[in-house]
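prediction below, plus the sequence it came from.
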Amino acid sequence: MVTESGVGFVQPAYGERSLADVLPSVSSALGAQIPGWVDPPALSLPEAPAYVVFLVDGLGADLLAGHAHAAPYLSSLLTADSVGTAGVPSTTATSLTSLGTGLTPGGHGVVGFTSRVPGSDRLLNALFWDKDIDPLQWQPHTTGFQRLAAAGVHVTTVNKREFRGSGLTVAAQRGGEWVNADRVGERVAGAVTAAAARPSLTYLYDGDLDWTGHRYGVASAQWLQQLAIIDAEAEQLRDALPVHARLLVVADHGMVDAPPAHRVDLDSDPAYRDGVVLLGGEARFRHVYCAAGAVGEVRARWRDLLGDAALVVTREEAIACGWFGRVTAPVLPRLGDVVAAARGDWGMFSSTDFPYEMRLVGLHGSLTAAEMCIPLLVD
């Protein structure tokens, strides 16, 4: 799968095998009839009265295949038919919202780690969320969790206490019951209890692998050890679930390590800022917000400056490539006037605007296979 203007990039499989297709497919497998969701869906799952969806943050399909020895259980479920894609950008906030709403990024509007608040020169950080921005206004669509609950499905989220009621949780995954679970044992026990109900959907989230990759890189011993822990957790969960429940393991994105030689410093040359009023996104996928009339010049200048390090396109070109799915009018100004998607293992950093990113080893957000391809593992 390759975009028209990005050789080597993976096109998001919206409507087929993307994160936005997971809940509609689970709904069909549960026998729930949800108005507006295609039945049967393109992503076919085995029928069952209970599904447990376990999202492992940062577990790319390529990473799992390349480190199968560290994850014997999960890798045993990985086949050519059990791979899907994240949306664009391939980042946690966007992906969790696609999963939770069944919508593409252009529909739900959480279009990156950071994105412009329309009518202002400030950014919304979608992971930490700004208290003065109402998540119900930013993402007003009924979530998949709400739609399933309304159809009579017992919906439960098993997740850390700190995420309960957060801006992103409200925007992306509101609906159903919540079980506080900070540790593996709490997560497994909570899921086992919830999955006893019929019909039921239970959602679990584990962010430790992603954190480890960001901190140490996906080539590190620490990451491999964390992968082994995740594998054991998933197998323990499967063994403990009721016999009538199916386990579906997915991820929100993969990850690549950006070596020092492939880290572009956007503060090193003032030309990067000419005609730019705001810089958003993240190091692998930059939203560039331009002054009036400067889009063409900014696009051309960034292309010259970045060369082969990134594909630089206008917002309209990115939309035409299908990166965000159908983009609604409220979402349009949240996207960069110019978008820069990193190639290979490059990153585009700013110590001024995003000093925290300078300390990260593993990154994600762009459209390479290592970031876009995710497992869709059923047991």
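Sure, I can see it. Since the structure is predicted, the reported quantities are computational estimates derived from the model, not experimental observations.

okay, CA-based contacts and neighbour counts for the rest of this
OK.

can you give me the strands in the stretch 201-350 of the chain?
Assigned by DSSP state E, counting those that start in this stretch, the stretch 201-350 of the chain shows strands spanning 245-251, 256-257, 263-265, 276-279, 285-290, 310-314, 338-342, 347-349.

how about those in JSON lines, adding mean neighbour count, distance to residue 110 and mean pLDDT?
Output for these, formatted as JSON lines (neighbours: other CA atoms under 10 Å; distance: least, CA to CA, whole Å; pLDDT from 0 to 100):
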{"stretch": "strand 245-251", "mean neighbour count": "24", "distance to residue 110": "17", "mean pLDDT": "98"}
{"stretch": "strand 256-257", "mean neighbour count": "24", "distance to residue 110": "22", "mean pLDDT": "98"}
{"stretch": "strand 263-265", "mean neighbour count": "16", "distance to residue 110": "26", "mean pLDDT": "97"}
{"stretch": "strand 276-279", "mean neighbour count": "18", "distance to residue 110": "16", "mean pLDDT": "98"}
{"stretch": "strand 285-290", "mean neighbour count": "27", "distance to residue 110": "13", "mean pLDDT": "98"}
{"stretch": "strand 310-314", "mean neighbour count": "24", "distance to residue 110": "19", "mean pLDDT": "98"}
{"stretch": "strand 338-342", "mean neighbour count": "26", "distance to residue 110": "15", "mean pLDDT": "98"}
{"stretch": "strand 347-349", "mean neighbour count": "26", "distance to residue 110": "21", "mean pLDDT": "98"}
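
distance to residue 146 for those - can I get that in a markdown table?
Shown next, in a markdown table, are the strands of the stretch 201-350 of the chain (distance: least, CA to CA, whole Å):
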| stretch | distance to residue 146 |
| --- | --- |
| strand 245-251 | 20 |
| strand 256-257 | 34 |
| strand 263-265 | 42 |
| strand 276-279 | 34 |
| strand 285-290 | 31 |
| strand 310-314 | 35 |
| strand 338-342 | 33 |
| strand 347-349 | 37 |
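
so which of those is nearest residue 163?
Residue 163 lies closest to strand 245-251 among those, at 17.8 Å (CA to CA).

need the contact partners of that closest one.
48-60, 195-196, 238, 374-379 (CA atoms under 8 Å, 6 or more residues apart in numbering).

just checking: what are the partner strands of it?
Here strand 245-251 has these sheet partners by DSSP bridges: strand 50-56 (parallel), strand 373-378 (antiparallel).

ok, back up a step: could you flag which of the contacts of strand 245-251 are buried?
48-60, 195-196, 238, 374-378 (16 or more other CA atoms under 10 Å).

run a quick neighbour tally on residue 301.
Residue 301 is flanked by 17 other residues according to other CA atoms under 10 Å.

give me the buried positions along the longest helix along the chain.
The residue-count maximum for a helix in the chain (DSSP state H) belongs to helix 221-240. Within helix 221-240, the residues that qualify as buried are 223-224, 226-235, 237-238, counting by 16+ other CA under 10 Å.

how about JSON lines for those residues, with distance to residue 364 added?
JSON lines is the format used below for the buried residues of helix 221-240 (distance: CA to CA, whole Å):
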{"residue": "223", "distance to residue 364": "15"}
{"residue": "224", "distance to residue 364": "18"}
{"residue": "226", "distance to residue 364": "18"}
{"residue": "227", "distance to residue 364": "17"}
{"residue": "228", "distance to residue 364": "21"}
{"residue": "229", "distance to residue 364": "22"}
{"residue": "230", "distance to residue 364": "20"}
{"residue": "231", "distance to residue 364": "22"}
{"residue": "232", "distance to residue 364": "25"}
{"residue": "233", "distance to residue 364": "24"}
{"residue": "234", "distance to residue 364": "23"}
{"residue": "235", "distance to residue 364": "27"}
{"residue": "237", "distance to residue 364": "28"}
{"residue": "238", "distance to residue 364": "29"}
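
for residue 202, state which of those is nearest.
Closest to residue 202, out of all of the buried residues of helix 221-240 and judged by CA to CA, is residue 237, at 12.1 Å.

and that closest one, what is it in contact with?
The contact partners of residue 237, by CA under 8 Å, 6+ apart, come to 188, 191, 192.

ok, the residue lying closest to residue 294 once chain neighbours are set aside - how many residues close by?
Nearest residue to residue 294, sequence neighbours excluded (CA to CA, 6 or more residues apart in numbering): residue 275, at 5.5 Å. Burial of residue 275 is recorded as 18 neighbouring residues (other CA under 10 Å).
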